[in-house]
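Trainee: task: produce atomic coordinates for the following.
(one chain, ligands or ions: 2)
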Amino acid sequence: CQHLVVVLGDQLDRDASAFDGFDPARDLVWMCEAVEESTHVWSSQQRIVMFLSAMRHFAAALEADGVPLHYETLREGSLADALREAIAQAKPQRVRLTQPGDWRVLQALRQAAGTTPLDVLEDRHFLCSAARFAAHARGRRQLRMEYFYREMRREHGVLMDGDQPCGGTWNFDADNRASFGPNGPGFLPPPTRFDPDASTQAVIALVQARFAGHPGQAAPFGWPVTRAQALEALRAFVDERLEHFGRWQDAMWTGEPWLYHAHLSAALNLKLLNPREVIAAAEAAWRSGRVPLSSAEGFIRQILGWREYVRGIYWLRMPDCAEDNALAARHDLPAWYWNGDTPMRCLADAIDQTLRHGYAHHIQRLMVTGLYALLHGVRPQQVHAWYLSVYVDAVEWVELPNTLGMSQFADGGLLASKPYIATGRYIERMSDHCRACRFDPGERVGERACPFTTLYWDFLLRHETRFASHPRLAAQVKNLARLDAAQRDAIRARARAVREGRFA
Ligand code: FAD
Ligand code: SF4
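Mentor: Ligands and ions are numbered 1, 2, ... in the order given. Below you'll find the predicted structure:
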C-alpha cells in the first residue's frame, strides 16, 4: 500500500490528522490490540474493556464506511513488534501516525518503522500544540495554569466579552468549594450509562478470561464507547448536571461516585469527543441562561485550562520528568491500593469505586488517594503506575503530570505552586467519610489518630527546612514551633506505625 495509517486506542477520531488525504484505493488503516499495552502497567479490567471496546466500535464504523482496515484482535506481545510485522506484510511507502499520547509508544513505533519513513502528525484534537505551549513556557521560571488559561481564553474567544472575561473575572474558583453539609446531596441526577452491546459483552468476557488477575472488575460496564454515545453523554451532562457542577466540584459523599461531574474524560481522551464541542456546549448553556457562569467557567477551566496545560507540560518535559522525585519519597505503595482493604473509610470508598467503575472524581484523586500517598512518602513512580492502571481515562500525557506534578509535588513545584497537603480535617469538611471511620481527624497521635493527620504533621517535620520559607507553606510550617521534642517524637512514632499498618 501507499500509506499505512496507524490508529492507536486513544486516537478514535476520523478527523485526526493521520487520515488527511486518505485514499481508500491505495491506503490501509492498521489497528492492533497489543497485550503489552494492558500489562506494561497492571491495567484494571474496566480500563482494558474501555479501550478494546471503543477500538472495536471504531473499527466497525470504518469498515461500514468501506475504509480498508487491518485489525489485529488481542495479540500477545508488544505494539512495536506487531507494527514491524504489519510493515513487512503491507510494505507501505510511508507510515502515518497522529502524535501518540504516550512518549514510550512514540519511541517504540519510531524504532519499529525502521527504514520505512514515519510521518508523526500534529494531534489537532488539542487546542494548544506542543510548540505553542513551549512558546508560552519559554523564559518563565515558574509555570502557572491561571496565566496559560487566560491566554487560551483570549486566543480562542471562550467566555469573552470583547477583550474582557465574561462576568468581569477570569476565575470563579472561590464559588466551587461547597460541601454537601450534614444531610448529604439529596436527589442526584443518575449518571448516563450505556448497556453493553454484543461487541462490548464479548470484550468483557475476553477481559474476564485473559486478564482475570488484573485489578477491579470488567462488569458492570456503562461507559460511552462510540461517538454517538459520547455525544449523548455530553448532552445529558450539560442538561442535567452542569448547573450544579461548579458549586459541588470538590464535594464527596460515601457510596456516591458520580455526583455532578461530567464523566467525559475517557470519551475525550480516546478522542470520541472533541474538546472544542464540549467547551462550546458549556458556553452555550450559560449564554442561554440554563446554567450559572460559575459552573460553565469552572468546567471550561478544567478542559481549556488544566487539560491543555498538563499536556503541554508532558511534552515539554518528557522523558526526564518521569523520574522526578523532588521530595525523595522512598516508600512502597501500600498493597491495599489494589483492593481497598483499609480501615480508612475515605480511602476504602475512593478505591472501591475506582476498582468497580474505573472512575473517581478529581478531589478523590487529589485529596484522598493522592494526598495519602504524598503524606505516606510513596515513591512517585509507584503512585504513577497505580493511576495509569486503574482509571478508564488514564493516558500518560494527562495522568503523569497530574500524578507526579499536581498530586505528589515530585517536580518540585513546576506544575503546582505548593504541595497539596492537608490533615483529615479537610476530608471531614468535604465529605461524610469520617463519621463512619474508627479514626478521628482531629487527633494526630494515639490509636484513634487519623492517619492523614498524623502523616501531615510528620510531613511537615520531615520537610521543615525545605518549606520554612516557602511563600505558600511557611504558615503551616510555623505551627511546628508549638511542638516540643516529646510531641515531635510521638508524631514520628505514630507515623512509623501507620506506615507499617499497625493502627491498633
Ligand atoms: P470533571 O470533574 O467533570 O471535569 C471535566 C473535564 O475536565 C474532565 O473530563 C477532564 O477532561 C478535564 N479535567 C479536569 N481536571 C483535569 C486535570 N487536572 N487535568 C486534565 N484534565 C482535567 N484525568 C484524566 O483524564 N486522565 C487521567 O489519567 C488523570 N489522572 C489523574 C491523576 C491524579 C493524581 C489527579 C489528581 C487527577 C487526574 N486526572 C486525570 C484529572 C481529573 O481528576 C480527571 O480528568 C477527572 O476526575 C475526570 O472525571 P470527569 O470527566 O467527571 O471530570
Ligand atoms: Fe479518612 Fe481520617 Fe476521616 Fe477516617 S478520619 S475517613 S482516615 S480522613
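
Trainee: give the contact list for the nearest residue to D23 once chain neighbours are set aside.
Mentor: Leaving aside its chain neighbours, D23 sits nearest to Q2 (6.9 Å; criterion: C-beta to C-beta, 6 or more residues apart in numbering). Placement of C-beta: from N, CA and C, glycine included. Each residue near Q2 by C-beta atoms under 8 Å, 6 or more residues apart in numbering is listed here: 23, 26-27, 92-94.

Trainee: what subset of these is buried?
Mentor: Buried members of the contacts of Q2, counted by 16 or more other C-beta atoms under 10 Å: 27, 92.

Trainee: just the contacts of Q2 that are near ligand 2?
Mentor: Contacts with ligand 2 within the contacts of Q2, counted by C-beta under 6 Å from any ligand atom: none were found.

Trainee: out of the contacts of Q2, which are inside helices?
Mentor: Cross-referencing the contacts of Q2 against helices under DSSP state H gives no overlap.

Trainee: how about CSV for the contacts of Q2, with distance to ligand 1 and pLDDT added?
Mentor: What follows is the contacts of Q2, written out as CSV (distance: C-beta to the nearest ligand atom, whole Å; pLDDT from 0 to 100):
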residue, distance to ligand 1, pLDDT
D23, 34, 96
R26, 36, 96
D27, 31, 97
P92, 32, 97
Q93, 36, 97
R94, 31, 97
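
Trainee: the residue lying closest to E63 once chain neighbours are set aside - how many residues pack around it?
Mentor: In this structure, E63 finds its nearest non-sequential neighbour in L69, 5.8 Å apart by C-beta to C-beta, 6+ apart. Number of residues near L69 (other C-beta atoms under 10 Å) recorded here: 17.

Trainee: show me what L69 bridges to in the sheet.
Mentor: Beta bridges link L69 to V29 when assigned by DSSP bridges.

Trainee: OK, contacts around it?
Mentor: With contact set as C-beta under 8 Å, 6+ apart, L69 has these partners: 28-31, 59, 62-63.

Trainee: just the buried residues from those residues, in ChimeraX please.
Mentor: In ChimeraX syntax, the buried subset of these is picked out as below (16+ other C-beta under 10 Å):
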select :28,29,30,31,59,62
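
Trainee: and ligand 2, which of the contacts of L69 contact it?
Mentor: Applying C-beta under 6 Å from any ligand atom to these, none is adjacent to ligand 2.

Trainee: now distance to ligand 1 too, for the contacts of L69, in TSV please.
Mentor: Supplementary listing: those in TSV, determined by distance: C-beta to the nearest ligand atom, whole Å:
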residue	distance to ligand 1
L28	31
V29	25
W30	26
M31	22
A59	23
L62	25
E63	29
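
Trainee: spell out which parts of the protein neighbour ligand 1.
Mentor: Counting by C-beta under 6 Å from any ligand atom, the chain sits next to ligand 1 at 261-265, 268-269, 299, 302-303, 306-307, 310, 361-362, 365-366, 370, 387, 391, 393-394, 398-399, 402-403, 406-407.

Trainee: ok but G405 is inside a helix, no?
Mentor: Yes - checked against DSSP: H, G, I helix; E, B strand; the rest coil, G405 lies within a helix.

Trainee: can you tell me the closest non-neighbouring residue to it?
Mentor: L415 (3.1 Å).

Trainee: isn't the one you found up against Q408?
Mentor: No - in this structure, L415 is not within contact of Q408 by C-beta atoms under 8 Å, at 10.3 Å.

Trainee: between these two, who's got more neighbours?
Mentor: Neighbour totals were compared for L415 and Q408, and Q408 leads with 29 against 24 (other C-beta under 10 Å).

Trainee: now that one, what are its backbone angles?
Mentor: In this entry, Q408 is assigned phi and psi values of phi -110, psi 0 (degrees, to the nearest 10).

Trainee: any idea how far the closest residue to it other than its chain neighbours lies from ligand 1?
Mentor: Of all residues not flanking Q408 in the chain, P380 sits nearest, at 4.4 Å (C-beta to C-beta, 6+ apart). Noted for P380: a distance of 10 Å to ligand 1, by C-beta to the nearest ligand atom, to the nearest Å.

Trainee: what about P380, how many neighbours?
Mentor: P380 - counted by other C-beta under 10 Å - has 26 other residues nearby.

Trainee: and if you look at the one 10 residues further on?
Mentor: Using other C-beta under 10 Å, V390 is surrounded by 29 other residues.

Trainee: same check, this time on P185
Mentor: Residues lying near P185 (other C-beta under 10 Å) number 17.

Trainee: per-residue confidence at the residue nearest to E63?
Mentor: Listed pLDDT for L69 reads 98.

Trainee: from ligand 1, how far off is it?
Mentor: Separation of L69 from ligand 1 (C-beta to the nearest ligand atom): 27 Å.

Trainee: and what of E428?
Mentor: From E428 to ligand 1 the distance is 20 Å (C-beta to the nearest ligand atom).

Trainee: angles on the backbone of that residue, please.
Mentor: According to degrees, to the nearest 10, E428 has phi -60, psi -40.

Trainee: test my guess that it contacts A436.
Mentor: No - in this structure E428 lies outside contact range of A436 using C-beta under 8 Å: 11.7 Å.

Trainee: ok, those two, which is more surrounded?
Mentor: E428 (21 against 11).

Trainee: what sits against that one?
Mentor: By C-beta under 8 Å, 6+ apart, E428 lies in contact with 434, 441.

Trainee: report the distance from the host helix or strand of A495 to the chain centre.
Mentor: Using DSSP states H and E, A495 sits within helix 485-499. With C-alpha atoms, centre = their mean, to the nearest Å as the basis, helix 485-499 stands 33 Å off its chain's centre.

Trainee: and it, what's buried?
Mentor: Those buried within helix 485-499 under the rule 16+ other C-beta under 10 Å are 490-492, 494-495, 497-499.

Trainee: now Q382, what's its secondary structure?
Mentor: Classification of Q382 using three-state DSSP returns helix.

Trainee: same question, L74
Mentor: Per three-state DSSP, L74 ends up strand.

Trainee: do A410 as well
Mentor: Per three-state DSSP, the local secondary structure of A410 is coil.

Trainee: burial count for it?
Mentor: For A410, the count of nearby residues is 28 (other C-beta under 10 Å).
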